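> Structure of the sequence below:
(one chain, ligands or ions: 1)
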Amino acid sequence: MKITALAGGTGAVKLLRALYQIIPAQDLTVIANTGDDLQLWGLSISPDVDTITYALAGLLDEAKGWGVQGDTFSCRAMMGKLGEPTFFALGDRDLALHVHRTSLLRSGDPLSRVTERVCHSLGIKARVLPMSDDPVRTRVQTPTGWLAFQEFFVRDRCEPEVLDVDYEGAGSAKPGPGVIEAITSADRIIICPSNPISSIGPILAIPAIERALIDTPARVLAVSPIIGSTPVSGPAGKMMVARGYDLSATGVAAVYSKWLDVMVIDDSDADQADDLRPIGIVPVITETLMTNREREIALAKTIVRALS
Ligand code: GDP
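Below you'll find the predicted structure:
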């Protein structure tokens with residue numbers, strides 16, 4: 001059973017590494033958000049692609065949810081002394097990947113080919129596809145103006161009020177090589193428990209990708225990143241409200257309603273099943289909080305069962 005997953009970073013990888021363990025690796029394709037990519041210290045950084053890559057390679061710092069386990073930050077300290085911005089933490093080992101990617105991009109390789117090479121070098125057997133080789137940049141509108149996603153997310157710790165979210169360049173971006181085919185020829189599609197606005201939103205903002213989700217014969221299942229009326233982590237709540245969605249699993253389903261078939265909601269949200277059925281979405285009720293590896297595997301198994 002070929003599974004294609006749409007993913008952001010920290011929430012998505014908990015499910016992805018479990019899926020990677022329980023299904024044949026070559027059956028898994030991940031379409032990764034690149035809307036929060038950035039340039040720092042002259043380097044091209046793709047945070048969600050990297051979090052997924054590190055997780056599948058077994059290199060992720062699981063306590064932080066990003067970066068390389070056991071990394072050190074000597075370069076960052078020196079950069080600070082030199083007056084470079086240090087709000088976005090890049091570890092010393094992590095830096096190797098950014099230097100490598102930047103050098104390949106400068107030699108003319110697109111991000112998709114660079115990502116394929118990195119996955120191959122790190123022994124990853126699943127496919128990781130950046131959503132696009134074209135730049136798409138998520139921006140957050142706040143009372144003081146528009147911020148680049150990482151300025152809002154990391155530098156300002158998600159504190160500013162969110163008025164709107166926008167995906168610059170998405171309207172004219174082409175899907176990355178293999179992305180449309182991965183959606184239209186998959187047996188099943190999983191939308192990871194990721195921020196619907198800032199992680200899945202940029203992927204959906206590329207018109208050909210949303211079209212493919214509408215057209216695909218594959219069943220599409222999403223896992224809610226919202227339990228009760230709060231996100232498990234991060235700014236999904238204020239972003240959903242800014243975009244006019246209910247802050248609930250049903251609100252997440254509304255973001256995906258044009259093409260969603262199955263919604264996985266938490267046991268504690270079981271009463272929302274009655275809101276999903278009338279809009280044609282089959283609810284699956286289970287424990288969705290992944291606080292350890294056993295829970296990640298349990299959720300992945302429930303999802304695979306629900307899709308078989
Ligand atoms: P980001 O790029 O780091 O923001 O990564 P994601 O968008 O993939 O992950 C953030 C989202 O994951 C947040 O909206 C969280 O609510 C959600 N999330 C994190 N951990 C869990 C979990 O254990 N269960 C569920 N259901 N959602 C989670």
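> Which residues of the stretch 101-250 of the chain lie near the ligand?
Taking C-beta under 6 Å from any ligand atom, the part of the stretch 101-250 of the chain that reaches the ligand is made up of 192-195, 199, 223-225, 231-234, 236. Heads up, the C-betas are built off the backbone N, CA and C, glycines and all.
> distance of residue 12 from residue 164?
Per C-beta to C-beta, to the nearest Å, residue 12 is found 24 Å from residue 164.
> Would you mind telling me which of those two has more residues around it?
residue 12 (29 against 13; other C-beta atoms under 10 Å).
> Count the neighbours of residue 70 for me.
9.
> Now do the SS call for it.
Assigned with DSSP: H, G, I helix; E, B strand; the rest coil, residue 70 falls in the coil class.
> what about it, distance to residue 62?
To residue 62, residue 70 is 11 Å away according to C-beta to C-beta.
> And residue 292, by the same measure?
Residue 292 sits at a distance of 10 Å from residue 62 (criterion: C-beta to C-beta).
> now do residue 49
As judged by C-beta to C-beta, residue 49 and residue 62 stand 18 Å apart.
> list the contacts for residue 12?
Residues near residue 12 by C-beta atoms under 8 Å, 6 or more residues apart in numbering: 5, 48, 51, 52, 192, 193, 194, 199.
> residues contacting the first one?
What it means is residue 5. Shown in contact with residue 5 (C-beta under 8 Å, 6+ apart): 12, 15, 16, 19, 28, 29, 30, 31, 189, 190, 191, 192.
> Least confident secondary structure element in the protein?
Ranking every helix and strand in the chain by mean pLDDT, DSSP states H and E puts strand 230-231 at the bottom, with a mean of 92.
> Within its sheet, name the partner strands of it and how each one runs.
strand 226-227 (antiparallel) (DSSP bridges).
> Now find how far off-centre the strand it pairs with is within its chain.
The chain centroid and the centroid of strand 226-227 are separated by 16 Å under C-alpha atoms, centre = their mean, to the nearest Å.
> pLDDT of that strand, averaged?
Strand 226-227 carries an average pLDDT of 97.
> Residue 292 and residue 62: which has the busier surroundings?
residue 62 (14 against 10).
> And the residue of the chain closest to the ligand?
Nearest residue of the chain to the ligand: residue 11, at 2.0 Å (C-beta to the nearest ligand atom).
> Residue 226 is in contact with that residue, correct?
No - here residue 11 lies out of contact with residue 226, judged by C-beta atoms under 8 Å, at a distance of 10.6 Å.
> Need the residues touching each of those two.
Taking C-beta under 8 Å, 6+ apart as the criterion, residue 11 and residue 226 both touch residue 232.
> ends of stretch 187-200, how far apart?
Separation of the first and last residues of stretch 187-200 by C-alpha to C-alpha, to the nearest Å is 20 Å.
> do the same with stretch 228-242
18 Å.
> Name the residues of that stretch that come out as buried.
231, 232, 234, 235, 236, 237, 238, 239, 240, 242 (16 or more other C-beta atoms under 10 Å).
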